[in-house]
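> Let me see the structure of the following:
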Amino acid sequence: MGDRGLLVEYGNAIDPVVNQKVRAISVAAGKNMPPGVLEIVPAYRSLMILYDPLVTTPADLQNAFLSIEKKLQDTVIPAPRTITIPVCYGGEFGPDIEVVAESNGISTPDVIRLHSQPEYIIYIIGFSPGFPFLGGLPEALHTPRLKTPRTAVPQGSVAIANEQTGIYSVESPGGWQLIGRTPLKLFDSARSHPIPYHPGDLIRFVPISHEKYFQLLEKESTP
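Have a look, this model is predicted:
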C-alpha cells in the first residue's frame, strides 16, 4: 500500500472469528512492536501496518507478523465489556425507520424490538472519531444505504446500512438509514478516554422515550 504501508488480510468476509484473529495479532504486535513499525490499524478482516521504509522492509514485516501469528496462543485479549446505549427510536430522531420497516415487510415496533435485542460486537471504530461499526444486525433489518447521502447527520444518530448498524458519534455527512438517536456524547476530545468503548466490546441498545432522551441529554450537557 504505497511505500510506507503493508496490508495484511486474514479473510474475505465480515466474520467474528476472523476479526478475533485480527484483534489478537494487533494486541500481540502492540506489546512488542517490530522495528520500524509506526502504527497498526485493525479493520474487519485485515491490518494496515504503517512503517518507516528507512528502518524496515515489507519482507521483514511479513516475517515478523508471520512469527507473531504462530504465537497467538500466548496472547491474552482483553475481555469485552458491554456498553449500554439508550436510543429514542423514530420520529424526528429516526426519519428512516419506516423505510427500514417497509423494506423488510415489518412494523415500526418490530424494527425497534429487533434492533434492541442483540448484543452487537464492535468490529472496528472509524470513518469519524468514535463511529462503531457493529456486527450482528438481524437479517430482518438489512436495508440498503440511501441513494443520495445526507450532507449532515446529527451527532448520536443510530443507523443501518445493509447488514451493519452503527452510531454517528459526531455530526458528519452520511448515507445510512437513520432509525433513532442516543443522547450520549460518544466522542469528547476533552475526556481522558475520548471514546467509551474499544473494538471487541459489545453494545446493547435500550429504547427510551422522547422525554427520557431530553433528560439524559441535559445530564450529558451538565459539566
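> Flag the shaky bits of the protein, pLDDT-wise.
223 (pLDDT under 70).
> all helices for it, in order.
For the chain, applying DSSP state H gives helices covering 16-31, 58-70, 97-104, 108-115, 210-221.
> May I see the ones you listed arranged in CSV, with distance to Leu146 as well?
In this view, the C-beta of every residue, glycine as well, is placed from N, C-alpha and C. Converted to CSV, these look like this (distance: least, Cβ to Cβ, whole Å):
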stretch, distance to Leu146
helix 16-31, 26
helix 58-70, 38
helix 97-104, 9
helix 108-115, 16
helix 210-221, 23
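> nearest to Phe127, of the ones you listed?
Relative to Phe127, the nearest member of these by Cβ to Cβ is helix 16-31, separated by 16.7 Å.
> What residues are bridge-paired with the residue lying closest to Val99 once chain neighbours are set aside?
Nearest non-adjacent residue to Val99, counting by Cβ to Cβ, 6 or more residues apart in numbering: Gln177, 5.9 Å away. Beta-bridge partners recorded for Gln177 (DSSP bridges): Ile160.
> which residues touch Gln177?
Residues in contact with Gln177 (Cβ atoms under 8 Å, 6 or more residues apart in numbering) are Asp96, Ile97, Val99, Val100, Thr143, Arg145, Leu146, Ala159, Ile160, Ala161.
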